[in-house]
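Undergrad: the following comprises the amino acid sequence and a computationally predicted model.
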Amino acid sequence: MSRAYRIRVKESSRRELKGSDEICTDLEVLEILPPEQMGELLKKELKEKGFAEDGGKLVRKDGDVTITVDPKTCEVTVRSDVSEEVTLEAERVEQAYDDVGPGSKEVRERAKKELAKDLDRKAKERTEKLEGKATEQLEKKLCDLQPELSEVVNRVTREALKQKAQQLGTVKEIAEDDETGSLTIKVEV
């Protein structure tokens with residue numbers, strides 16, 4: 001008569017999991033001056049806001065969020081990258097009818113394969129949570145970033161209008177209202 005034996009197999013895995021989310025948009029910069037000049041004005045304003053030049057683009061990192069602006073195309077990319085090192089554990093209990101020998105080895109191997117699948121499933125679930133966290137960070141950052149980028153675009157537009165006015169003739173008067181954002185330029189042609 002055969003006896004049933006319990007075979008317990010335990011696995012743990014240490015992994016670095018990553019989650020990310022990204023959004024791209026365009027700044028609505030008016031083409032008051034040639035694109036190269038508008039790009040230079042945009043670059044100057046962004047550098048004043050803490051952006052650093054990196055391969056022709058301007059980049060600023062705020063924690064896990066990276067903001068990249070291409071001054072030539074006015075494209076903005078906001079990317080959130082979150083990573084976490086985790087230890088995943090799984091355990092399986094199987095039954096075999098002999099405690100040693102080929103039947104036992106088969107049961108152990110099958111249990112190990114199932115454990116590997118369990119660990120991968122757990123890693124996938126944790127990665128999905130990290131992606132959710134990355135999305136939350138991205139949404140929060142976008143809310144903070146939108147007014148800042150609007151201010152940059154307004155400053156670039158004002159500076160471009162001033163330069164364009166100088167090209168058209170003699171500037172007699174410039175009146176700026178910081179509260180309303182209005183700009184009045186009197187030019188003698």
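TA: Ah, there it is. These figures come from a predicted structure and were not determined experimentally.
Undergrad: so which bits of stretch 15-24 are buried?
TA: 15, 17, 19, 20, 21 (16 or more other Cβ atoms under 10 Å). For glycine as for every other residue, the C-beta is placed from the backbone atoms N, C-alpha and C.
Undergrad: how about residues contacting the strand or helix carrying residue 46?
TA: Element membership for residue 46, per DSSP states H and E: helix 35-48. With contacts defined as Cβ atoms under 8 Å, 6 or more residues apart in numbering, helix 35-48 is touched by 27, 29, 31-33, 53, 58, 69, 71-72, 74, 152, 155-156, 159-160, 163.
Undergrad: okay, that helix in CSV with CA atoms only?
TA: Extracted C-alpha coordinates of helix 35-48, given in CSV (Å, rounded to 0.1, in the frame of the first residue of the first chain):
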residue,chain,number,x,y,z
PRO,A,35,11.3,79.7,-35.6
GLU,A,36,15.0,79.9,-34.7
GLN,A,37,14.5,83.1,-32.7
MET,A,38,11.4,81.9,-31.1
GLY,A,39,13.3,78.7,-30.0
GLU,A,40,16.1,80.8,-28.5
LEU,A,41,13.6,82.9,-26.6
LEU,A,42,11.9,79.8,-25.3
LYS,A,43,15.3,78.3,-24.4
LYS,A,44,16.2,81.4,-22.4
GLU,A,45,13.0,81.4,-20.4
LEU,A,46,13.1,77.7,-19.7
LYS,A,47,16.7,78.0,-18.4
GLU,A,48,15.5,80.6,-16.0
